[in-house]
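Undergrad: Here is my input, please return the structure:
(one chain, ligands or ions: 1)
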Amino acid sequence: MEKLVVTGPTQLKGEVVISGAKNAAVALLPATLLIDGVCTIENLPNISDIQISCKILEELGAKITWNSQHSITIDTTNIVTTKAPLDLTSKFRASYYVIGAMLGRMGEIEVGMPGGCKLGARPIDQHIKGFERLGATVSLEKGTIYAKAKKLKGTSIYMDIVSVGATINVMLAAVLAKGTTIIDNAAKEPHIVDVANFLNTMGADIRGAGTDVIKINGVEKLHGGATYSVVPDQIEAGTFMLAAVATRGDLLLKNCITKHLESITAKIIEVGGNVEDNGDSIRVWCNKRPSKANIKTLPYPGFPTDLQPQMGVVLSLANGTSTINESIWDSRFQYTDELNKMGAKITAQGKNAFFEGVKKLHGAPVYSTDLRAGAALVVAGTTAEGVTEIYNLQHIDRGYENIEEKFRKIGAKIERVKE
Ligand code: EPZ
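TA: Numbering: from 1, shown residues only. From the prediction side, this is the model:
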(Lines give C-alpha, C1' and ligand atoms only; values in the text may rest on other atoms or scores of the structure.)
Protein backbone atom coordinates (compact mmCIF):
# COMPACT_ATOMS: atom_id res chain seq x y z
CA MET A 1 0.00 0.00 0.00
CA GLU A 2 1.19 3.52 -0.79
CA LYS A 3 0.62 6.68 1.19
CA LEU A 4 1.53 10.34 0.79
CA VAL A 5 3.37 11.79 3.76
CA VAL A 6 3.08 15.58 3.97
CA THR A 7 4.98 17.62 6.56
CA GLY A 8 3.67 21.11 7.10
CA PRO A 9 3.05 23.90 7.31
CA THR A 10 4.48 25.27 4.07
CA GLN A 11 3.70 28.38 2.04
CA LEU A 12 3.47 27.20 -1.57
CA LYS A 13 5.44 29.44 -3.92
CA GLY A 14 6.56 29.16 -7.54
CA GLU A 15 5.24 27.99 -10.90
CA VAL A 16 3.06 25.04 -11.91
CA VAL A 17 2.39 23.91 -15.47
CA ILE A 18 -1.22 22.75 -15.67
CA SER A 19 -1.85 19.42 -17.47
CA GLY A 20 -4.50 18.59 -20.04
CA ALA A 21 -8.01 18.16 -18.63
CA LYS A 22 -8.85 14.68 -17.35
CA ASN A 23 -12.57 15.07 -17.99
CA ALA A 24 -11.96 16.18 -21.59
CA ALA A 25 -9.34 13.51 -22.30
CA VAL A 26 -11.50 10.64 -21.02
CA ALA A 27 -14.14 11.68 -23.59
CA LEU A 28 -11.76 12.44 -26.47
CA LEU A 29 -10.26 8.94 -26.39
CA PRO A 30 -13.58 7.09 -26.89
CA ALA A 31 -14.56 9.78 -29.42
CA THR A 32 -11.74 8.48 -31.64
CA LEU A 33 -13.84 5.32 -32.13
CA LEU A 34 -15.99 7.40 -34.49
CA ILE A 35 -13.03 8.00 -36.81
CA ASP A 36 -12.23 5.75 -39.69
CA GLY A 37 -8.52 6.54 -39.64
CA VAL A 38 -5.62 7.83 -37.59
CA CYS A 39 -5.35 10.85 -35.31
CA THR A 40 -2.91 12.21 -32.74
CA ILE A 41 -3.90 13.59 -29.35
CA GLU A 42 -1.45 15.79 -27.45
CA ASN A 43 -1.39 17.37 -23.98
CA LEU A 44 -2.90 14.17 -22.54
CA PRO A 45 -2.64 14.01 -18.76
CA ASN A 46 -0.53 11.04 -17.64
CA ILE A 47 -3.05 9.57 -15.18
CA SER A 48 -4.50 6.12 -14.54
CA ASP A 49 -7.91 6.90 -16.12
CA ILE A 50 -6.10 7.56 -19.41
CA GLN A 51 -4.08 4.32 -19.21
CA ILE A 52 -7.31 2.37 -18.71
CA SER A 53 -9.11 4.25 -21.52
CA CYS A 54 -6.28 3.28 -23.87
CA LYS A 55 -6.53 -0.38 -22.86
CA ILE A 56 -10.29 -0.35 -23.56
CA LEU A 57 -9.69 1.16 -27.01
CA GLU A 58 -7.03 -1.46 -27.75
CA GLU A 59 -9.36 -4.30 -26.77
CA LEU A 60 -11.92 -2.88 -29.22
CA GLY A 61 -9.32 -2.96 -32.01
CA ALA A 62 -7.58 0.43 -31.92
CA LYS A 63 -3.82 0.57 -32.43
CA ILE A 64 -2.16 3.04 -30.09
CA THR A 65 1.37 4.41 -30.31
CA TRP A 66 2.76 6.52 -27.49
CA ASN A 67 4.78 9.37 -29.04
CA SER A 68 5.75 10.78 -25.65
CA GLN A 69 4.33 10.77 -22.10
CA HIS A 70 1.59 13.18 -23.22
CA SER A 71 0.96 12.34 -26.87
CA ILE A 72 -0.56 9.31 -28.57
CA THR A 73 -1.43 8.35 -32.10
CA ILE A 74 -4.56 6.22 -32.42
CA ASP A 75 -5.56 4.18 -35.44
CA THR A 76 -9.25 3.28 -35.23
CA THR A 77 -9.56 2.03 -38.81
CA ASN A 78 -10.42 -1.50 -37.65
CA ILE A 79 -12.85 -2.12 -34.83
CA VAL A 80 -12.78 -5.85 -34.06
CA THR A 81 -15.49 -6.32 -31.42
CA THR A 82 -18.54 -4.59 -29.98
CA LYS A 83 -17.99 -6.03 -26.49
CA ALA A 84 -16.08 -3.66 -24.25
CA PRO A 85 -14.02 -5.36 -21.52
CA LEU A 86 -16.23 -5.42 -18.41
CA ASP A 87 -13.38 -5.45 -15.89
CA LEU A 88 -11.88 -2.25 -17.35
CA THR A 89 -15.08 -0.30 -17.99
CA SER A 90 -16.22 -0.80 -14.39
CA LYS A 91 -13.07 0.96 -13.15
CA PHE A 92 -14.12 4.53 -13.97
CA ARG A 93 -17.09 6.68 -14.90
CA ALA A 94 -16.18 7.92 -18.35
CA SER A 95 -16.07 4.40 -19.78
CA TYR A 96 -19.74 5.01 -20.65
CA TYR A 97 -18.60 7.23 -23.55
CA VAL A 98 -17.88 4.05 -25.54
CA ILE A 99 -21.67 3.60 -25.73
CA GLY A 100 -22.31 6.81 -27.69
CA ALA A 101 -19.23 6.37 -29.87
CA MET A 102 -19.78 2.68 -30.66
CA LEU A 103 -23.51 3.13 -31.30
CA GLY A 104 -22.55 5.81 -33.81
CA ARG A 105 -19.77 3.84 -35.48
CA MET A 106 -20.91 0.19 -35.20
CA GLY A 107 -24.61 0.40 -34.25
CA GLU A 108 -23.98 -1.88 -31.29
CA ILE A 109 -22.17 -2.08 -27.95
CA GLU A 110 -22.11 -4.23 -24.83
CA VAL A 111 -20.47 -2.61 -21.84
CA GLY A 112 -20.37 -2.93 -18.02
CA MET A 113 -22.01 -0.30 -15.82
CA PRO A 114 -19.45 2.47 -15.25
CA GLY A 115 -17.56 2.84 -11.96
CA GLY A 116 -15.97 6.06 -10.66
CA CYS A 117 -16.05 8.15 -7.50
CA LYS A 118 -18.85 7.36 -5.05
CA LEU A 119 -20.60 10.72 -4.76
CA GLY A 120 -24.15 9.48 -4.22
CA ALA A 121 -26.58 8.15 -6.84
CA ARG A 122 -25.17 8.39 -10.37
CA PRO A 123 -28.01 7.36 -12.69
CA ILE A 124 -27.56 7.29 -16.48
CA ASP A 125 -31.23 7.68 -17.42
CA GLN A 126 -30.55 10.84 -19.48
CA HIS A 127 -27.91 9.04 -21.55
CA ILE A 128 -30.33 6.18 -22.20
CA LYS A 129 -33.17 8.56 -23.00
CA GLY A 130 -30.95 10.32 -25.58
CA PHE A 131 -29.87 7.05 -27.24
CA GLU A 132 -33.47 5.84 -27.38
CA ARG A 133 -34.64 9.15 -28.88
CA LEU A 134 -32.00 8.62 -31.60
CA GLY A 135 -33.54 5.21 -32.34
CA ALA A 136 -31.44 2.80 -30.27
CA THR A 137 -32.77 0.07 -28.01
CA VAL A 138 -31.01 -0.06 -24.67
CA SER A 139 -31.32 -2.72 -22.01
CA LEU A 140 -29.64 -3.37 -18.69
CA GLU A 141 -29.04 -6.89 -17.46
CA LYS A 142 -26.97 -7.98 -14.48
CA GLY A 143 -24.78 -4.88 -14.58
CA THR A 144 -24.23 -4.94 -18.35
CA ILE A 145 -25.62 -2.36 -20.76
CA TYR A 146 -26.66 -3.58 -24.22
CA ALA A 147 -27.31 -0.87 -26.83
CA LYS A 148 -28.23 -1.46 -30.45
CA ALA A 149 -29.48 0.53 -33.43
CA LYS A 150 -29.94 -0.16 -37.14
CA LYS A 151 -29.25 3.45 -38.09
CA LEU A 152 -29.44 6.33 -35.63
CA LYS A 153 -31.70 9.18 -36.76
CA GLY A 154 -31.35 12.83 -35.73
CA THR A 155 -34.02 14.19 -33.40
CA SER A 156 -34.54 16.77 -30.67
CA ILE A 157 -33.67 15.80 -27.11
CA TYR A 158 -34.49 17.81 -24.02
CA MET A 159 -32.25 16.89 -21.07
CA ASP A 160 -34.32 16.83 -17.85
CA ILE A 161 -31.17 17.55 -15.91
CA VAL A 162 -28.00 19.39 -16.89
CA SER A 163 -25.57 16.48 -17.29
CA VAL A 164 -22.01 16.65 -18.56
CA GLY A 165 -21.88 12.91 -19.29
CA ALA A 166 -25.25 12.67 -21.03
CA THR A 167 -24.54 15.76 -23.17
CA ILE A 168 -21.21 14.35 -24.39
CA ASN A 169 -22.52 10.81 -24.85
CA VAL A 170 -25.54 11.86 -26.91
CA MET A 171 -23.36 14.25 -28.92
CA LEU A 172 -21.03 11.33 -29.76
CA ALA A 173 -23.94 9.15 -30.85
CA ALA A 174 -25.44 11.91 -33.00
CA VAL A 175 -22.32 12.77 -35.01
CA LEU A 176 -22.83 9.99 -37.59
CA ALA A 177 -26.64 9.83 -37.28
CA LYS A 178 -28.84 10.61 -40.27
CA GLY A 179 -30.15 14.18 -40.09
CA THR A 180 -29.98 16.82 -37.40
CA THR A 181 -29.98 16.36 -33.63
CA ILE A 182 -30.70 19.16 -31.20
CA ILE A 183 -29.72 18.78 -27.55
CA ASP A 184 -31.63 21.22 -25.37
CA ASN A 185 -30.66 22.06 -21.78
CA ALA A 186 -27.17 20.83 -22.59
CA ALA A 187 -24.27 21.16 -20.14
CA LYS A 188 -21.74 23.92 -20.99
CA GLU A 189 -18.50 22.75 -19.34
CA PRO A 190 -15.19 23.47 -21.16
CA HIS A 191 -14.72 19.75 -21.80
CA ILE A 192 -17.95 19.67 -23.81
CA VAL A 193 -16.61 22.41 -26.07
CA ASP A 194 -13.32 20.50 -26.31
CA VAL A 195 -15.00 17.28 -27.45
CA ALA A 196 -17.06 19.21 -30.03
CA ASN A 197 -13.92 21.01 -31.31
CA PHE A 198 -12.10 17.69 -31.60
CA LEU A 199 -14.94 16.05 -33.53
CA ASN A 200 -15.32 19.09 -35.80
CA THR A 201 -11.59 18.94 -36.58
CA MET A 202 -12.21 15.36 -37.75
CA GLY A 203 -15.13 16.35 -40.01
CA ALA A 204 -18.17 16.50 -37.70
CA ASP A 205 -20.68 19.37 -37.89
CA ILE A 206 -21.48 20.40 -34.30
CA ARG A 207 -22.63 23.92 -33.48
CA GLY A 208 -23.43 25.65 -30.21
CA ALA A 209 -21.25 23.61 -27.81
CA GLY A 210 -20.69 25.78 -24.74
CA THR A 211 -24.29 27.03 -24.87
CA ASP A 212 -27.36 25.15 -23.66
CA VAL A 213 -28.49 24.25 -27.18
CA ILE A 214 -26.20 22.05 -29.27
CA LYS A 215 -27.03 21.30 -32.91
CA ILE A 216 -25.39 18.31 -34.57
CA ASN A 217 -25.78 17.85 -38.31
CA GLY A 218 -25.03 14.19 -38.96
CA VAL A 219 -22.18 13.44 -41.40
CA GLU A 220 -21.39 10.19 -43.25
CA LYS A 221 -17.87 9.71 -41.99
CA LEU A 222 -15.17 11.23 -39.78
CA HIS A 223 -11.71 11.36 -41.30
CA GLY A 224 -8.46 11.06 -39.39
CA GLY A 225 -5.21 12.80 -40.20
CA ALA A 226 -5.34 15.61 -37.63
CA THR A 227 -3.53 16.41 -34.40
CA TYR A 228 -5.51 17.74 -31.46
CA SER A 229 -4.36 19.17 -28.13
CA VAL A 230 -6.46 18.59 -24.98
CA VAL A 231 -7.80 21.74 -23.26
CA PRO A 232 -5.97 22.71 -20.00
CA ASP A 233 -7.48 21.25 -16.83
CA GLN A 234 -9.78 23.80 -15.19
CA ILE A 235 -10.03 21.67 -12.03
CA GLU A 236 -6.30 21.08 -11.63
CA ALA A 237 -5.74 24.84 -12.09
CA GLY A 238 -8.47 25.58 -9.52
CA THR A 239 -6.92 23.10 -7.08
CA PHE A 240 -3.59 24.97 -7.17
CA MET A 241 -5.33 28.38 -7.01
CA LEU A 242 -7.04 27.29 -3.80
CA ALA A 243 -3.80 25.74 -2.50
CA ALA A 244 -2.14 29.17 -2.90
CA VAL A 245 -4.89 30.77 -0.79
CA ALA A 246 -4.99 28.01 1.87
CA THR A 247 -1.22 28.15 2.42
CA ARG A 248 -1.03 31.96 2.08
CA GLY A 249 1.40 31.35 -0.76
CA ASP A 250 2.04 32.78 -4.22
CA LEU A 251 1.65 30.60 -7.33
CA LEU A 252 1.88 31.28 -11.05
CA LEU A 253 -0.12 28.67 -12.99
CA LYS A 254 0.92 28.29 -16.61
CA ASN A 255 -1.02 26.68 -19.48
CA CYS A 256 -4.52 27.53 -18.34
CA ILE A 257 -7.54 29.29 -19.85
CA THR A 258 -8.42 31.93 -17.30
CA LYS A 259 -11.93 32.40 -18.71
CA HIS A 260 -12.68 28.88 -17.38
CA LEU A 261 -11.58 29.96 -13.89
CA GLU A 262 -13.85 32.98 -13.39
CA SER A 263 -16.13 31.50 -10.71
CA ILE A 264 -13.08 30.40 -8.71
CA THR A 265 -11.33 33.74 -9.18
CA ALA A 266 -14.43 35.56 -7.90
CA LYS A 267 -14.55 33.45 -4.71
CA ILE A 268 -10.81 33.82 -4.11
CA ILE A 269 -11.13 37.61 -4.28
CA GLU A 270 -14.17 37.43 -1.96
CA VAL A 271 -12.14 35.59 0.72
CA GLY A 272 -9.30 38.13 0.47
CA GLY A 273 -6.91 36.50 -2.01
CA ASN A 274 -5.37 38.22 -5.02
CA VAL A 275 -5.56 37.13 -8.64
CA GLU A 276 -3.63 38.41 -11.66
CA ASP A 277 -5.19 37.20 -14.91
CA ASN A 278 -2.72 36.94 -17.79
CA GLY A 279 -5.02 35.11 -20.24
CA ASP A 280 -3.03 31.89 -20.53
CA SER A 281 -1.53 31.98 -17.05
CA ILE A 282 -2.85 33.10 -13.70
CA ARG A 283 -1.08 34.26 -10.54
CA VAL A 284 -2.79 33.75 -7.18
CA TRP A 285 -1.43 34.94 -3.85
CA CYS A 286 -2.76 35.57 -0.40
CA ASN A 287 -1.05 37.20 2.56
CA LYS A 288 -3.74 37.13 5.22
CA ARG A 289 -6.16 34.72 6.83
CA PRO A 290 -9.01 34.08 4.36
CA SER A 291 -12.39 35.50 5.33
CA LYS A 292 -15.62 33.48 5.42
CA ALA A 293 -17.74 32.93 2.31
CA ASN A 294 -20.79 31.03 1.18
CA ILE A 295 -20.56 28.68 -1.78
CA LYS A 296 -23.16 26.90 -3.90
CA THR A 297 -21.91 24.42 -6.46
CA LEU A 298 -23.56 24.65 -9.88
CA PRO A 299 -23.04 23.46 -13.46
CA TYR A 300 -20.59 25.61 -15.50
CA PRO A 301 -20.21 28.60 -15.39
CA GLY A 302 -21.12 28.24 -11.69
CA PHE A 303 -18.71 27.18 -8.97
CA PRO A 304 -17.63 23.61 -9.87
CA THR A 305 -18.50 20.72 -7.57
CA ASP A 306 -15.08 19.26 -8.41
CA LEU A 307 -13.45 22.14 -6.48
CA GLN A 308 -15.84 22.00 -3.53
CA PRO A 309 -13.58 19.92 -1.23
CA GLN A 310 -10.52 22.08 -2.03
CA MET A 311 -12.59 25.22 -1.25
CA GLY A 312 -13.65 23.42 1.94
CA VAL A 313 -10.01 23.48 3.09
CA VAL A 314 -9.83 27.25 2.57
CA LEU A 315 -13.10 27.79 4.47
CA SER A 316 -11.92 25.49 7.31
CA LEU A 317 -9.15 28.03 7.90
CA ALA A 318 -11.25 31.18 7.32
CA ASN A 319 -12.14 33.85 9.81
CA GLY A 320 -15.81 33.20 10.66
CA THR A 321 -18.39 30.60 9.74
CA SER A 322 -18.94 29.68 6.09
CA THR A 323 -21.43 27.41 4.35
CA ILE A 324 -21.26 25.22 1.28
CA ASN A 325 -24.38 24.02 -0.49
CA GLU A 326 -23.58 21.07 -2.78
CA SER A 327 -26.24 21.11 -5.46
CA ILE A 328 -24.85 18.45 -7.84
CA TRP A 329 -24.02 15.36 -5.75
CA ASP A 330 -25.85 13.82 -2.76
CA SER A 331 -22.76 12.62 -0.99
CA ARG A 332 -19.78 14.89 -1.52
CA PHE A 333 -18.99 15.84 2.08
CA GLN A 334 -17.29 12.58 3.12
CA TYR A 335 -13.98 14.47 3.18
CA THR A 336 -15.20 16.67 6.03
CA ASP A 337 -14.76 13.76 8.52
CA GLU A 338 -11.13 13.57 7.41
CA LEU A 339 -10.57 17.34 7.74
CA ASN A 340 -12.15 17.20 11.21
CA LYS A 341 -9.47 14.64 12.18
CA MET A 342 -6.99 17.42 11.30
CA GLY A 343 -8.67 19.93 13.61
CA ALA A 344 -11.26 21.46 11.29
CA LYS A 345 -14.72 22.21 12.71
CA ILE A 346 -17.16 21.20 10.00
CA THR A 347 -20.72 19.97 10.39
CA ALA A 348 -22.18 18.34 7.30
CA GLN A 349 -25.94 17.80 7.03
CA GLY A 350 -27.24 16.38 3.76
CA LYS A 351 -26.30 18.75 0.96
CA ASN A 352 -25.04 21.52 3.29
CA ALA A 353 -21.90 21.87 5.33
CA PHE A 354 -21.04 24.53 7.91
CA PHE A 355 -17.40 25.50 8.39
CA GLU A 356 -16.51 27.16 11.69
CA GLY A 357 -13.08 28.51 10.72
CA VAL A 358 -10.06 27.51 12.83
CA LYS A 359 -6.66 29.25 12.91
CA LYS A 360 -4.70 26.15 11.89
CA LEU A 361 -4.99 22.46 11.10
CA HIS A 362 -2.74 19.73 12.46
CA GLY A 363 -1.43 16.58 10.76
CA ALA A 364 -3.26 13.24 11.10
CA PRO A 365 -3.67 9.96 9.22
CA VAL A 366 -6.52 10.52 6.72
CA TYR A 367 -8.24 8.64 3.91
CA SER A 368 -8.97 9.93 0.46
CA THR A 369 -12.64 9.09 -0.10
CA ASP A 370 -12.72 10.18 -3.76
CA LEU A 371 -10.54 11.98 -6.30
CA ARG A 372 -11.13 15.63 -5.33
CA ALA A 373 -11.34 14.75 -1.64
CA GLY A 374 -7.82 13.35 -2.04
CA ALA A 375 -6.58 16.58 -3.62
CA ALA A 376 -8.17 18.56 -0.79
CA LEU A 377 -6.30 16.43 1.77
CA VAL A 378 -2.99 17.15 0.02
CA VAL A 379 -3.76 20.89 0.24
CA ALA A 380 -4.83 20.50 3.88
CA GLY A 381 -1.61 18.59 4.66
CA THR A 382 0.56 21.41 3.31
CA THR A 383 -1.21 23.95 5.56
CA ALA A 384 -1.23 21.73 8.67
CA GLU A 385 1.31 21.62 11.47
CA GLY A 386 3.07 18.27 11.68
CA VAL A 387 2.74 15.11 9.62
CA THR A 388 -0.32 14.16 7.54
CA GLU A 389 -0.47 10.66 6.08
CA ILE A 390 -2.89 10.31 3.17
CA TYR A 391 -4.13 6.83 2.22
CA ASN A 392 -6.22 5.49 -0.71
CA LEU A 393 -4.04 7.13 -3.35
CA GLN A 394 -5.71 5.23 -6.20
CA HIS A 395 -8.38 7.95 -6.21
CA ILE A 396 -5.86 10.80 -6.54
CA ASP A 397 -3.82 8.98 -9.21
CA ARG A 398 -6.93 8.65 -11.37
CA GLY A 399 -7.02 12.39 -11.98
CA TYR A 400 -3.86 14.25 -10.95
CA GLU A 401 -0.64 13.76 -12.87
CA ASN A 402 2.35 13.36 -10.57
CA ILE A 403 0.71 15.25 -7.73
CA GLU A 404 3.59 14.93 -5.28
CA GLU A 405 6.12 16.11 -7.88
CA LYS A 406 4.05 19.20 -8.70
CA PHE A 407 3.54 20.07 -5.03
CA ARG A 408 7.22 19.41 -4.20
CA LYS A 409 8.35 21.84 -6.91
CA ILE A 410 6.43 24.65 -5.20
CA GLY A 411 7.86 23.95 -1.78
CA ALA A 412 5.67 21.23 -0.23
CA LYS A 413 7.40 18.58 1.84
CA ILE A 414 5.64 15.57 0.38
CA GLU A 415 6.78 11.99 -0.23
CA ARG A 416 5.10 8.89 -1.63
CA VAL A 417 5.94 6.02 0.68
CA LYS A 418 5.34 2.28 0.13
CA GLU A 419 4.28 0.45 3.27
C1 EPZ B 1 -18.91 14.74 -14.68
O2 EPZ B 1 -19.56 13.61 -14.13
C3 EPZ B 1 -17.51 14.70 -14.15
N4 EPZ B 1 -16.88 13.45 -14.57
C5 EPZ B 1 -17.51 14.81 -12.63
O6 EPZ B 1 -16.17 14.92 -12.20
C7 EPZ B 1 -18.25 16.08 -12.21
O8 EPZ B 1 -18.38 16.11 -10.81
C9 EPZ B 1 -19.64 16.14 -12.86
O10 EPZ B 1 -19.53 15.96 -14.30
C11 EPZ B 1 -20.37 17.46 -12.61
O12 EPZ B 1 -19.59 18.51 -13.11
C13 EPZ B 1 -16.45 13.33 -15.82
O14 EPZ B 1 -16.52 14.23 -16.64
C15 EPZ B 1 -15.81 12.03 -16.17
P16 EPZ B 1 -23.31 14.72 -14.58
P17 EPZ B 1 -20.96 13.12 -14.73
O18 EPZ B 1 -23.90 13.74 -15.50
O19 EPZ B 1 -20.95 13.37 -16.18
C20 EPZ B 1 -27.46 13.68 -12.41
C21 EPZ B 1 -14.26 14.39 -10.97
O22 EPZ B 1 -13.96 14.51 -9.78
N23 EPZ B 1 -27.70 12.78 -13.55
O24 EPZ B 1 -23.10 16.12 -15.03
O25 EPZ B 1 -21.19 11.73 -14.23
C26 EPZ B 1 -26.31 13.18 -11.52
O27 EPZ B 1 -26.77 12.23 -10.60
C28 EPZ B 1 -15.61 13.88 -11.39
O29 EPZ B 1 -13.48 14.66 -11.90
C30 EPZ B 1 -28.92 12.15 -13.67
O31 EPZ B 1 -29.81 12.30 -12.81
O32 EPZ B 1 -21.93 14.12 -14.00
C33 EPZ B 1 -25.86 14.48 -10.89
O34 EPZ B 1 -26.67 14.81 -9.81
C35 EPZ B 1 -16.42 13.44 -10.23
N36 EPZ B 1 -29.15 11.35 -14.76
C37 EPZ B 1 -26.08 15.52 -12.00
O38 EPZ B 1 -27.00 14.92 -12.91
C39 EPZ B 1 -28.21 11.15 -15.72
O40 EPZ B 1 -28.48 10.41 -16.68
C41 EPZ B 1 -24.84 15.91 -12.79
O42 EPZ B 1 -24.19 14.73 -13.25
C43 EPZ B 1 -26.97 11.81 -15.61
C44 EPZ B 1 -26.74 12.61 -14.51
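Undergrad: all helices for the stretch 51-200 of the chain, in order.
TA: 86-89, 97-106, 125-133, 164-174, 190-201 (DSSP state H, counting those that start in this stretch).
Undergrad: Can you say which of those is nearest to Thr347?
TA: Checking these against Thr347 by CB to CB gives helix 164-174 as the closest, at 29.4 Å. Where C-beta positions appear, they are placed from N, C-alpha and C, glycine not excepted.
Undergrad: Now do the same contact list for Gly272.
TA: The contact partners of Gly272, by CB atoms under 8 Å, 6 or more residues apart in numbering, come to 286, 288-291.
Undergrad: Same question for Ala149.
TA: Residues counted as contacts of Ala149 (CB under 8 Å, 6+ apart) are 103, 107-108, 131, 134-137.
Undergrad: Compare those residues and tell me which is most surrounded.
TA: Counting neighbours by other CB atoms under 10 Å, the top entry in the contacts of Ala149 is Leu103, with 30 neighbours.
Undergrad: returning to that earlier point: in strands, which of the contacts of Ala149 appear?
TA: Counting by DSSP state E, the contacts of Ala149 place 108, 137 in strands.
Undergrad: what's the most distant pair in the contacts of Ala149?
TA: Spanning the widest gap among the contacts of Ala149 are Glu108 and Leu134, at 13.7 Å by CB to CB.
Undergrad: Contact residues of this protein facing the ligand?
TA: 23, 26, 93-94, 117, 121-127, 161, 163-166, 187, 305-306, 328-329, 371-372, 399 (CB under 6 Å from any ligand atom).
Undergrad: now the helices for the stretch 251-400 of the chain?
TA: Using DSSP H, counting those that start in this stretch, helices in the stretch 251-400 of the chain cover 262-270, 308-316, 335-341, 371-383, 393-399.
Undergrad: Tell me how many other residues crowd the residue of the stretch 151-300 of the chain found nearest the ligand.
TA: Nearest residue of the stretch 151-300 of the chain to the ligand: Gly165, at 2.8 Å (CB to the nearest ligand atom). A count of nearby residues for Gly165, using other CB under 10 Å, gives 21.
Undergrad: Any chance of TSV for the helices of the stretch 51-200 of the chain, columns distance to Ile269?
TA: Output for these, formatted as TSV (distance: least, CB to CB, whole Å):
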stretch	distance to Ile269
helix 86-89	42
helix 97-106	36
helix 125-133	35
helix 164-174	26
helix 190-201	21
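Undergrad: looking at those helices, which is closest to Ala266?
TA: With CB to CB as the criterion, Ala266 lies closest to helix 190-201 of these, at 16.7 Å.
Undergrad: ok, back up a step: which one of the contacts of Ala149 is nearest Thr144?
TA: Thr144 has its nearest neighbour among those in Glu108, at 13.2 Å by CB to CB.
Undergrad: Test of understanding: give the bridge partners of the closest one.
TA: Lys148 (DSSP bridges).
Undergrad: Against Pro114, how distant is it?
TA: Distance of Glu108 to Pro114, given as CB to CB, to the nearest Å: 18 Å.
Undergrad: swap in Gly120?
TA: Separation of Gly120 from Pro114 (CB to CB) stands at 15 Å.
Undergrad: more crowded one of these two?
TA: Counted by other CB under 10 Å, Gly120 and Pro114 do not tie: Pro114 has more neighbours, with 21 against 13.
Undergrad: Thanks a lot, catch you later.
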